[in-house]
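Visitor: Fold the stuff below for me.
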Amino acid sequence: MNEIKYIEPTQETQLYDDVCQIIDGARGRIATYVNTEACLTNWYIGKRIKEDVLFNQRAEYGKQVVRNLSLKLTERYGSGWSEKTLRHCLRSAETFSEENMSGTSPLTLPCENGAFCHFVTYFNTRAHAHP
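Guide: Residues are numbered from 1 along each chain as shown. From the prediction side, this is the model:
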């Protein structure tokens with residue numbers, strides 16, 4: 001028969017704590033990585049839109065570009081690519097330099113409420129400060 005070995009409660013508690021620490025550490029690193037990639041993706045999207053819109057230098061053209069791009073991206077990738085989201089991407093490229101997006105910026109810190117909440121928070125804060 002298989003013998004059941006008794007594990008001391010303190011050993012079991014230590015095992016549990018160690019495993020929790022491993023899981024929590026991995027979750028934090030994953031969140032940081034995903035958040036960094038989301039920041040970079042949104043910034044590069046904004047940079048690309050900015051290049052196209054500034055090249056043509058017409059406000060109405062810019063609105064049309066964002067509207068059409070939003071429709072096409074939503075059709076291909078599903079929700080999450082609204083005009084508002086694309087405007088946030090554009091503002092991120094207008095606000096942050098390429099150096100800011102190097103991966104060492106505070107923008108890459110984990111964010112519990114969503115991958116690019118720091119952009120949204122930043123822009124909402126600026127919008128309220130400068131109506």
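
Visitor: What's the first helix or strand after the helix or strand containing residue 41?
Guide: Per DSSP states H and E, residue 41 falls inside helix 9-56. Once the chain leaves helix 9-56, the next helix or strand it forms, by DSSP H and E, is helix 59-77.

Visitor: Show me which positions of the following helix or strand past that next one end up buried.
Guide: Using DSSP H and E, the helix or strand that directly follows helix 59-77 along the chain is helix 83-95. Of all the residues in helix 83-95, those buried under the rule 16 or more other CB atoms under 10 Å are 85, 86, 87, 88, 89, 90, 91, 92, 93. In this view, the C-beta of every residue, glycine as well, is placed from N, C-alpha and C.

Visitor: Might you report the residue contacts of the first one?
Guide: Applying CB atoms under 8 Å, 6 or more residues apart in numbering, we find residue 85 in contact with residue 70.

Visitor: What is the neighbour count of residue 35?
Guide: If you count neighbours by other CB atoms under 10 Å, residue 35 ends up with 21.

Visitor: And for residue 100?
Guide: 14.

Visitor: Give me the phi and psi angles of it.
Guide: phi -60, psi -30 (degrees, to the nearest 10).

Visitor: follow-up on the earlier one: other SSEs contacting the helix holding residue 41?
Guide: helix 59-77, helix 83-95, helix 117-129 (3 or more CB pairs under 8 Å, 6 or more residues apart in numbering; DSSP states H and E).

Visitor: Low-confidence regions, this structure specifically.
Guide: Low-confidence segments of the chain (pLDDT under 70): 1-2, 56, 102-131.
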